[in-house]
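Engineer: Structure of the sequence below:
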Amino acid sequence: MIKIVNYYVSLIIFLSKVFGFASTALLMSASLVVCQMVVIRYGFNSSTVWQTEFVKYAIIAATLLGSPYVLMQKGHVSVDLIFHYISDRKGFWISLLASIIGLACCACLAWASWIYFLEAFHAGWVTATVWGPPLWIPLLPLPLGLSLLTLQYSVMILTEHGSFNIEGEAIGAP
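Structural biologist: Numbers count the residues shown, from 1 in each chain. Sure thing, here's the model as predicted:
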């Protein structure tokens, strides 16, 4: 059982790092497209068709896909003022409760986003713009990011509130 949990924790950490890398690549591509759009608009006095929409989708995808990595790195904004005034034991339980609530919310959102994504995919929806790409393409980061964020919450619960360290190894195991 410990080996399975170790593998699970290691896999989710690896996937969060891959998604973090993909998020960085999306932000870099959005920056390059903005530069290309400026050159086309002001250098060649031409109109742009797909650039603005691509930049919006890339930044949103970067946010969604990068969120599991940010959670893993504890890079999210947190208010820890209360924890300075309560015991470590109470802080542990409050943190555990917050993690469980976060996991439950992300799981519900992930479930709903998969339904929305599959509906757009099977119905052949396209965006209502001049470019008009299939809607499932910009929607895909929503269920992927939220699903991995849910799994990253479970890893956080196992490693911070359970008996496993961040590498997925059992604490006190031989």
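Engineer: May I have the phi/psi pair for P134?
Structural biologist: For P134, the backbone dihedrals are phi -60, psi 130 (criterion: degrees, to the nearest 10).
Engineer: For it, which residues count as its bridge partners?
Structural biologist: Applying DSSP bridges to P134 gives these bridge partners: V126.
Engineer: where does it land on pLDDT?
Structural biologist: At P134 the predicted local distance difference test score is 95.
Engineer: Tell me who's in contact with it.
Structural biologist: With contacts taken as C-beta atoms under 8 Å, 6 or more residues apart in numbering, P134 has the following neighbours: 120-121, 124-126. Backbone N, C-alpha and C define where each C-beta goes, glycine included.
Engineer: now for these, which pair is the farthest apart?
Structural biologist: When the contacts of P134 are compared pair by pair using C-beta to C-beta, the two farthest from each other are F121 and V126, 11.5 Å apart.
Engineer: What about G102, how many residues nearby?
Structural biologist: Neighbour count for G102, taken as other C-beta atoms under 10 Å: 18.
Engineer: Ok, D88 next?
Structural biologist: By the measure other C-beta under 10 Å, the count of residues near D88 is 8.
Engineer: Helices of this structure, residue ranges please.
Structural biologist: Assigned by DSSP state H, the helices in the chain fall at 2-38, 51-72, 88-123, 136-139, 141-160.
Engineer: Adding distance to L81 as columns, could you present those in TSV?
Structural biologist: Formatted as TSV, the helices of the chain follow (distance: least, C-beta to C-beta, whole Å):
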stretch	distance to L81
helix 2-38	28
helix 51-72	21
helix 88-123	12
helix 136-139	38
helix 141-160	19
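Engineer: What is the burial count for A120?
Structural biologist: Here the neighbour count serves as a burial measure; for A120 (other C-beta under 10 Å) it reads 19.
Engineer: Report the separation between it and A61.
Structural biologist: In this structure, A120 and A61 are 15 Å apart, going by C-beta to C-beta, to the nearest Å.
Engineer: Kindly report the same for C108.
Structural biologist: From C108 over to A61 (counting by C-beta to C-beta), the distance is 21 Å.
Engineer: With I115 instead?
Structural biologist: 19 Å.
Engineer: likewise R41?
Structural biologist: Taking C-beta to C-beta as the measure, R41 falls 24 Å from A61.
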